[in-house]
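would you be able to build a 3D model of this:
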Amino acid sequence: MADSVYFPVSASAEAPAFAVSRRSAVVRVTHWITAFCFLALLISGIEILISHPRFYWGEAGNVLTAPLFKLPIPSSRSSVPTGYGYVLPDQNGWSRYLHFQAAWAVVLTGAVYLTFGFLKGHFRKNLLPVRAAASTYSIPQRITYLAVIFVLFPLVIWTGLAMSPGFASAFPGAVSILGGQQSARTIHFFITIFLSVFFVVHVVMVSISGFRNRMRGMITGRIG
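Numbering: from 1, shown residues only. Reported below is the predicted structural model:
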């Protein structure tokens, strides 16, 4: 997601030009806010999941309903049958509060990023695969970033909202399309896995391609 600015060394014909690649301040700030919020969402989401590690399909699901599948982990609630003879400490209070706060922070940050991306041509110049030759990102990387930005993140927000009783009451059609509130929770779980895999691969790729240079570029905006 770099924006390249070119500066000549001198006006002489013999002096070669060099490129200083700069990342926009908006891209950098939204990147770090999203990264920290994602970690907060992941940690708090795991705590919420532990309270009921069973997944269903449809509108309703509870301990008396046969699950679509269940995770082989103990629960933080004794009423949830998991096959274990003990329960984990209940952290459902703070985890839900942190999850909701981080989620809204991601939504607002994403709105700023999308507005900037469309108004300044960021997506067209830096992420569209047809311009891959002019960027440090390959076509598969660009397609992956676009899929995360325009498919996975909207879906994880949509399915998250669909689990809210208030949202379901106001927009029942948006929940019905997903198959119901329990279906939304199940889809939300799998999208989170995809985003987590992307996060890990992204960090690995940054490390392989030059961790210090990439981190400097995302903090100061200057690469090269």
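
so Ala168 makes contact with Ala162?
Yes. If you go by C-beta atoms under 8 Å, Ala168 and Ala162 touch, sitting 6.6 Å apart. Heads up, the C-betas are built off the backbone N, CA and C, glycines and all.

so what sits against both of these two?
175, 181 (C-beta atoms under 8 Å, 6 or more residues apart in numbering).

in what helix or strand does Tyr113 lie?
Taking DSSP states H and E as the criterion, Tyr113 maps to helix 92-119.

got the buried residues for the following helix or strand past that helix?
Using DSSP H and E, the helix or strand that directly follows helix 92-119 along the chain is helix 122-126. By 16 or more other C-beta atoms under 10 Å, the buried positions in helix 122-126 come out as 122-123, 125-126.

other SSEs contacting the helix holding Tyr113?
helix 25-51, helix 153-162 (3 or more C-beta pairs under 8 Å, 6 or more residues apart in numbering; DSSP states H and E).

closest to Asp90 out of the ones you listed?
helix 25-51 (7.0 Å; C-beta to C-beta).

turn the buried residues of helix 122-126 into JSON lines, columns for pLDDT.
Output for the buried residues of helix 122-126, formatted as JSON lines (pLDDT from 0 to 100):
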{"residue": "His122", "pLDDT": "84"}
{"residue": "Phe123", "pLDDT": "85"}
{"residue": "Lys125", "pLDDT": "81"}
{"residue": "Asn126", "pLDDT": "79"}
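
for the helix or strand harbouring Arg212, name the packing helices and strands.
Arg212 belongs to helix 181-220 when elements are defined using DSSP H and E. Judged by 3+ C-beta pairs under 8 Å, 6+ apart, helix 181-220 is in contact with helix 25-51, strand 54-55, helix 153-162, strand 222-223.

okay, these in JSON lines with distance to Leu64, mean pLDDT and mean neighbour count next?
Shown next, in JSON lines, are these (distance: least, C-beta to C-beta, whole Å; pLDDT from 0 to 100; neighbours: other C-beta atoms under 10 Å):
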{"stretch": "helix 25-51", "distance to Leu64": "17", "mean pLDDT": "95", "mean neighbour count": "17"}
{"stretch": "strand 54-55", "distance to Leu64": "11", "mean pLDDT": "96", "mean neighbour count": "20"}
{"stretch": "helix 153-162", "distance to Leu64": "23", "mean pLDDT": "96", "mean neighbour count": "20"}
{"stretch": "strand 222-223", "distance to Leu64": "57", "mean pLDDT": "68", "mean neighbour count": "16"}
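
tell me which of those sits nearest to Val130.
helix 25-51 (20.2 Å).

for Val203, find the nearest of the helices and strands packed on helix 181-220.
Nearest to Val203 among those is helix 25-51; the distance by C-beta to C-beta comes to 9.6 Å.

off-centre distance for that closest one?
A distance of 7 Å separates the centroid of the chain from that of helix 25-51, by C-alpha atoms, centre = their mean, to the nearest Å.

between that helix and helix 92-119, how many degrees?
Angle between the axes of helix 25-51 and helix 92-119 is 150 degrees (criterion: axes from the mean of the first three to the mean of the last three C-alpha atoms, to 10 degrees).

ok so, going back, closest one to Asn213 among the helices and strands packed on helix 181-220?
From these, taking C-beta to C-beta, the stretch that ends up closest is strand 222-223, at 6.2 Å.

distance of Leu127 from Tyr137?
8 Å (C-beta to C-beta, to the nearest Å).

what does Ser169 give?
Counting by C-beta to C-beta, the gap from Ser169 to Tyr137 is 42 Å.
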